[in-house]
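Participant: What shape does this take:
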Amino acid sequence: MASVSGACGNCAFFDDHHGNNDQAASDGGLCRFNPPVSQPGPDAHGLWPVVSEKDWCGHFAPETMGGLAAAE
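Facilitator: Residues are numbered from 1 along each chain as shown. As a prediction, the model looks like this:
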């Protein structure tokens, strides 16, 4: 199990903006590590994976690296 410091909520690729359907849990956000998954239809937007701040994966990167902050 990952430590709290390696959790999604502390990752440069975590976006706490909102979930794919504007129904994110209070500790939810979007993982921006990979491109969005396929659109369900040609007029729909791509879908980003929804994750919890406490989730983790092997792609963790700190929010700040070498004095540079992650893109907003």
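
Participant: what sits against the nearest residue to residue 11 once chain neighbours are set aside?
Facilitator: Excluding the flanking residues, the one nearest residue 11 by Cβ to Cβ, 6 or more residues apart in numbering is residue 60, at 5.2 Å. Backbone N, C-alpha and C define where each C-beta goes, glycine included. By Cβ atoms under 8 Å, 6 or more residues apart in numbering, the residues touching residue 60 are 2, 6-8, 10-11.

Participant: neighbours of the nearest residue to residue 49 once chain neighbours are set aside, just the number please.
Facilitator: Closest residue to residue 49 apart from its sequence neighbours, by Cβ to Cβ, 6+ apart: residue 31 at 4.6 Å. By other Cβ atoms under 10 Å, the residues close to residue 31 number 18.

Participant: wait, isn't residue 31 in contact with residue 14?
Facilitator: Yes - using Cβ atoms under 8 Å, residue 31 makes contact with residue 14 at a distance of 6.6 Å.

Participant: so what sits against both of these two?
Facilitator: In terms of Cβ under 8 Å, 6+ apart, residue 31 and residue 14 are both contacted by the residues 8, 51.

Participant: residue furthest from the geometric center of this protein?
Facilitator: residue 42 (23.8 Å; Cα atoms, centre = their mean).

Participant: And the pLDDT for residue 36?
Facilitator: Here the pLDDT value assigned to residue 36 is 88.

Participant: Then the one 10 residues further on?
Facilitator: Here the pLDDT value assigned to residue 46 is 81.

Participant: got the contact list for the closest residue to it other than its chain neighbours?
Facilitator: Nearest non-adjacent residue to residue 46, counting by Cβ to Cβ, 6+ apart: residue 36, 2.9 Å away. Listed by Cβ under 8 Å, 6+ apart, the contact partners of residue 36 are 45-48.
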